[in-house]
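[1] Build the 3D model from these lines:
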Amino acid sequence: MLAPKAPSWMSEFRKFIMRGNVVDLAVGIIIGAAFTGVVSSLVKDVFNPLLGLATGGVDFSNVFFALNGQRYPNLADAQKAGAPTLNFGLFINAIIQFLIVSFTVFWVVKALTKLNVRQDAVALPTKSETLLSEIRDLLQTRVEAPPGGTNHPE
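    Here you go, the predicted structure:
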């Protein structure tokens with residue numbers, strides 16, 4: 001008995017998933033998620049304390065405005081009370097994280113581009129290029145052969 005044939009969309013999907021670009025994208029997303037955790041910790045645990053020190057003790061994660069007009073000692077208390085808030089400090093943290101990620105991606109892409117250029121510069125000719133060069137050289141020697149002489153190289 002013949003096995004049932006898979007629908008064409010399944011084989012197309014299988015081909016799509018097995019492409020190198022899709023696998024590379026999946027790896028990039030996983031690494032990006034891990035990198036996001038590192039950057040979040042860098043902003044929260046390193047930059048925010050330094051910025052707080054520079055601004056006289058301001059904790060950016062607690063810079064907010066309660067829209068109900070009441071005052072709360074910190075964002076957690078405002079959220080516990082159910083107060084609507086504009087969280088300026090969290091927005092500032094998000095901007096800092098974005099700038100760090102953008103800066104890092106910029107330098108990674110720049111380094112990879114430079115590496116790619118170097119690899120292209122030292123790339124060996126393909127078999128086709130080598131064969132075409134040999135054919136060109138053979139044709140060149142035939143054209144340069146003296147009149148009455150043989151037309152093929154020795």
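[2] C-alpha from now on. contacts and neighbour counts both.
    Noted.
[3] Roughly how far does Ile135 sit from Pro7?
    Look at Ile135 and Pro7: by CA to CA, to the nearest Å, they are 48 Å apart.
[4] And for Phe64?
    Counting by CA to CA, the separation of Phe64 from Pro7 is 55 Å.
[5] any residues touching stretch 47-63, and which ones?
    Stretch 47-63 is contacted by residues 74-75, 87-90, 92-93 when judged by CA atoms under 8 Å, 6 or more residues apart in numbering.
[6] can you rerun that using 6 Å?
    Applying CA atoms under 6 Å, 6 or more residues apart in numbering, the contact partners of stretch 47-63 are 74-75, 88-90.
[7] now, which of those residues sits nearest Ile17?
    The closest of these to Ile17 turns out to be Leu90 (CA to CA; 37.3 Å).
[8] Can you report how many residues neighbour the closest one?
    A count of nearby residues for Leu90, using other CA atoms under 10 Å, gives 15.
[9] and what of Ala78?
    For Ala78, the neighbour count with other CA under 10 Å is 19.
[10] Next: Asn74.
    Residues near Asn74, counting by other CA under 10 Å: 13.
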